[in-house]
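Engineer: heads up, no residue letters with this:
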C-alpha cells in the first residue's frame, strides 16, 4: 500500500466527524506485517503515533528501523510466537494496520488460501484486535482475495469480524487513480458497531455529479447549502488527464510482463517482488533523432529497467526513505540530499545490493 492511499482513508475517517470534534485527536496504532512501512507513512502523515511494529523479514526490518525512529517502540518478529500476555502488555492501542501476506490469495501465487500458513495470519490480526479491544482495523490485500475459493475465503473473514460485533467496510481501489502505478488492491476498514459512524469509503470522480442542493445568494453566486459539509479534495478520484499503461514494444519472453517495453509517459504496471534477472518493468528512452553523414536517420532510443529508486518513487516513498534504507542511516540520507550528492557515487558505503534495496543487507 502506498502511504498516499492510506492518507486518503485517514482523511475520510476524520471527515466523518464534525471539525470541532477532531481537534488534536490521534489514534495510536500497531503496525503488523509492517514491511518497510507503507502504512506507517500514511499514519504519521495524518498525525498518529506508532506503539510498535511486527515484521518477520529481517531485511525489511532493517530498512524500517533505518527510516523511522523506532527506539523505545515494541518490536515483534513472528506474530504467531507472541503470547496473549505480551499483547496485553502493549497497553492502549486504537488501530491495527496490516497488509497481511497476500501470496496465499494472489493469482501470482498458488492461491492455497487458508491451507497456506501465510493465509491464516489474518486470524492473528483478529487475535490481537480482540485482546487490545481496538476501535479500528485498517487492512489491505490483493484483489484475488475477493475471488479466492469462489468468494468463500473473504466471506469467512467478514463473518469472523461480524461475529465479534464489528462493522466492516471494504472497497476495491486502483492506485492509478492517485499515483503513476496500476496496482489494484482491496482495502478493509473494521470499526466497532454502534458508534453511529458515517460511511468511510466515499470516493467520487471529478466528473461525477454531486446530488447536493444549491442556493443562489444576492451576488448571483451558486453555492452548496450549509448543511452539506466536509467535501474535500482527498475524496476525489481524478477523471481527467490520466494516462493508461502505454506499451511501446515487446520482445519474446516466457514472462509476459518482463517482455513488455513501457512508454514512460504512461503509468507503471504493478510492481512485483522478486523481479530480478531482468524481469522488472522496462521503459523506452526516447531522444532526438540524429542525421548521419549519409543523410540516413538514426533513432536514438534505449531500453532499460526501472531503477530501485524509481520503484520506490512509484510506491510514493520519498527519496530520503530510499537512501535511509540503502545506507541503513537516516543521517547519511539527509547528508546526501542536503549536499546534492549522487547516491551512485559517494563516499558512503551502501548496506544493500544495487538491484534490490531491501535485500542482501549487510546485517546478521
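Structural biologist: Done, it's in. Keep in mind that this is a model prediction, so the values were computed, not measured.
Engineer: what secondary structure does residue 93 sit in?
Structural biologist: coil (DSSP: H, G, I helix; E, B strand; the rest coil).
Engineer: quick one, domains of the protein?
Structural biologist: The domain map for the chain lists 3-202, 208-237, 247-306, 320-364, with the assignment taken from automatic domain parsing.
Engineer: Lowest average pLDDT across these?
Structural biologist: For the domains of the chain, the bottom mean pLDDT is recorded on domain 208-237, which sits at a mean of 38.
Engineer: And what about residue 35, helix, strand or coil?
Structural biologist: coil.
Engineer: Where does the closest residue to it other than its chain neighbours fall, secondary structure wise?
Structural biologist: Computed as CB to CB, 6 or more residues apart in numbering, the closest residue to residue 35 that is not its neighbour in sequence is residue 60, at 5.2 Å. The C-beta positions use only the backbone N, C-alpha and C, and glycine is treated the same way. Secondary structure here is read from DSSP states H and E; on that basis residue 60 sits in helix 58-67.
Engineer: Can you name the element that comes right after that helix?
Structural biologist: If you walk from helix 58-67 toward the C-terminus, the next helix or strand you reach (DSSP H and E) is strand 74-76.
Engineer: buried residues in that next one?
Structural biologist: Judged by neighbour count using 16 or more other CB atoms under 10 Å, the buried positions of strand 74-76 are 74, 76.
Engineer: strands paired with that strand, and their directions?
Structural biologist: Sheet partners assigned to strand 74-76 using DSSP bridges are listed as strand 50-54 (parallel).
Engineer: tell me the contacts of residue 82?
Structural biologist: Neighbour list for residue 82: 54, 76 [criterion: CB atoms under 8 Å, 6 or more residues apart in numbering].
Engineer: how near is it to residue 90?
Structural biologist: Between residue 82 and residue 90 the computed distance is 10 Å (CB to CB, to the nearest Å).
Engineer: Show me what the helix holding residue 60 is packed against.
Structural biologist: For helix 58-67, the packing partners by 3 or more CB pairs under 8 Å, 6 or more residues apart in numbering; DSSP states H and E come out as helix 319-327.
Engineer: so how many other residues sit close to residue 92?
Structural biologist: Other residues within reach of residue 92, judged by other CB atoms under 10 Å, total 9.
Engineer: Is it in contact with residue 27, as I believe?
Structural biologist: No: between residue 92 and residue 27 there is no contact, the gap being 10.6 Å when judged by CB atoms under 8 Å.
Engineer: neighbours around residue 144, how many?
Structural biologist: When neighbours are defined as other CB under 10 Å, residue 144 has 21 of them.
Engineer: Got the phi and psi for it?
Structural biologist: Reported as degrees, to the nearest 10, the phi and psi values for residue 144 are phi -60, psi -20.
Engineer: what's around the residue nearest to residue 311 when sequence neighbours are not counted, how many residues?
Structural biologist: Of all residues beyond its chain neighbours, the one nearest residue 311 is residue 271 (5.6 Å), with distances taken as CB to CB, 6+ apart. A count of nearby residues for residue 271, using other CB under 10 Å, gives 18.
Engineer: what do you get for residue 134?
Structural biologist: Look at residue 134: counted by other CB under 10 Å, it has 22 neighbours.
Engineer: and what of residue 88?
Structural biologist: So residue 88, with other CB under 10 Å, has 10 neighbours.
Engineer: That one and residue 131: what is the separation?
Structural biologist: For residue 88, the distance to residue 131 equals 6 Å [CB to CB].
Engineer: same check, this time on residue 93
Structural biologist: With distances taken as CB to CB, residue 93 is found 10 Å from residue 131.
Engineer: again, but for residue 50
Structural biologist: Computed with CB to CB, the distance linking residue 50 and residue 131 is 18 Å.
Engineer: Neighbour count for those two, which is higher?
Structural biologist: Higher neighbour count among residue 50 and residue 131: residue 50, with 23 against 15, using other CB under 10 Å.
Engineer: my guess is that one meets residue 67, correct?
Structural biologist: No: in terms of CB under 8 Å, residue 50 does not count as a neighbour of residue 67; the distance is 11.9 Å.
Engineer: Distance of residue 76 relative to residue 62?
Structural biologist: Distance of residue 76 to residue 62, computed by CB to CB: 15 Å.
Engineer: Return the set of buried residues in stretch 159-167.
Structural biologist: The neighbour-count check on stretch 159-167 (16+ other CB under 10 Å) flags 160, 161, 166 as buried.
Engineer: again with stretch 307-326
Structural biologist: In stretch 307-326, the ones that count as buried by 16+ other CB under 10 Å are 308-317, 320-326.
Engineer: got it, and stretch 135-147?
Structural biologist: Taking 16+ other CB under 10 Å as the basis for neighbour counts, the residues of stretch 135-147 that come out buried are 135, 136, 137, 138, 139, 140, 141, 142, 143, 144, 145.
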